[in-house]
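[1] Sequence plus the predicted model coming up.
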Amino acid sequence: MIEHHLDLRTADGTMNTFITHPEEGGPHPVVFFYMDAPGKREELHDMARRIATTGYYVVLPNLYYRQSRDFVLERNDPGSRDVMFALMNALSDRMVASDTETMFAHADADPAADATRVGCVGYCMSGPFSFAMAAMFPDRIKAAASMYGVRLFGEKSPAHLAASISAELYFGCAEFDDYAPKAMIDGLEAHLRTVGANARIEWYPGAHHGFAFPQRDGAYDKPSAERHWERLHALFARTLGR
């Protein structure tokens, strides 16, 4: 496996980015991996590697680069949580779209990447970013997954853009999730049906918000996490041809 820690020049600064892909057999379909609120960290690098080992060129950017190059949540520090929420609330779909343009430009220029086949995935904070990018780049993104994503329907959600999406969508939802309550997901499901989106919403019984993160004490659920990997790999295999 090949790994790079690169600084990508964006319209707003320098975005430190982790990229991993197989050593052989390229060019590889591209997966944009949007980080969750606690920050770009080794736990996410390992998850990116798990996607890449099955034949993908995975791009994991630090979305907080405008304000912090190296923020990672210290879970026992209330002040660190305050910083996290400030960083998270400073982001917007427009900003992530601008960063995604930079990621496309990099993938377009790298012979190891096949940027004609692109999917994306987001967790928690970035579930709606993955959803939004599928709407904002409908001619380029072929699959988008949201795992226990927040802000998927209602005020400030990207749902109003759903009619423009041509990608296949997948939403994995935890049964117990104060950040993504059932009423919100039910509203999303009805809306997606109305606009004719190619989408699947799946509930993970007994699971809590954060269930796919191995280092999330009290939330990690291995059976649910492995189901999420199965669904994610199947989605990308169907749509990106790997």
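    Done, it's in.
[2] hey, let's count contacts and neighbours off CA atoms from now on
    Will do.
[3] Next, the residue nearest the centre of the chain: secondary structure please.
    The structure's the chain has its C-alpha centroid closest to residue 122; by CA atoms, centre = their mean the separation is 1.8 Å. Assigned by DSSP: H, G, I helix; E, B strand; the rest coil, the conformation of residue 122 is strand.
[4] what separates it from residue 194, distance-wise?
    Using CA to CA, to the nearest Å, one obtains 24 Å as the distance from residue 122 to residue 194.
[5] go on, residue 60?
    From residue 60 across to residue 194, the span is 33 Å (CA to CA).
[6] higher neighbour count, these two?
    residue 60 (23 against 11; other CA atoms under 10 Å).
[7] hang on, the more buried one packs against residue 35?
    Yes - counting by CA atoms under 8 Å, residue 60 touches residue 35, with 7.0 Å between them.
[8] Which of the residues in the helix of greatest length in the chain are classified as buried?
    Longest helix in the chain, counting residues (DSSP state H): helix 222-240. Residues of helix 222-240 classed as buried by neighbour count (16 or more other CA atoms under 10 Å): 224-225, 228-229, 231-232, 235-236, 239-240.
[9] From the chain's centroid, how far away is that helix?
    13 Å (CA atoms, centre = their mean, to the nearest Å).
[10] How about stretch 178-198?
    18 Å.
[11] pLDDT averaged over it, what's the number?
    The average pLDDT within stretch 178-198 is 96.
[12] Over to residue 31. Which of the three states is it?
    Following three-state DSSP, we place residue 31 in the strand state.
[13] Give the bridge partners for it, please.
    Beta-bridge pairing of residue 31 under DSSP bridges involves residue 58, residue 119.
[14] ok, now which ones touch it?
    56-59, 118-121 (CA atoms under 8 Å, 6 or more residues apart in numbering).
[15] Of those, select the buried ones using a ChimeraX command.
    Selection of buried members from these for ChimeraX, criterion 16+ other CA under 10 Å:
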select :56,57,58,59,118,119,120,121
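[16] which among the contacts of residue 31 gets closest to residue 140?
    Checking those against residue 140 by CA to CA gives residue 118 as the nearest, at 6.5 Å.
[17] quick one: contacts for that closest one?
    The contact partners of residue 118, by CA under 8 Å, 6+ apart, come to 29-32, 140-143, 240.
[18] Any chance of these in JSON lines with distance to residue 103 as columns?
    Output for the contacts of residue 118, formatted as JSON lines (distance: CA to CA, whole Å):
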{"residue": "29", "distance to residue 103": "13"}
{"residue": "30", "distance to residue 103": "10"}
{"residue": "31", "distance to residue 103": "10"}
{"residue": "32", "distance to residue 103": "8"}
{"residue": "140", "distance to residue 103": "12"}
{"residue": "141", "distance to residue 103": "12"}
{"residue": "142", "distance to residue 103": "15"}
{"residue": "143", "distance to residue 103": "16"}
{"residue": "240", "distance to residue 103": "17"}
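[19] out of the residues you listed, who has the most neighbours?
    residue 143 (30 neighbours).
[20] Just say helix, strand or coil for that one.
    Relying on three-state DSSP, one would call residue 143 strand.
[21] Which residues does it form beta bridges with?
    Applying DSSP bridges, one finds that residue 143 bridges with residue 119, residue 168.
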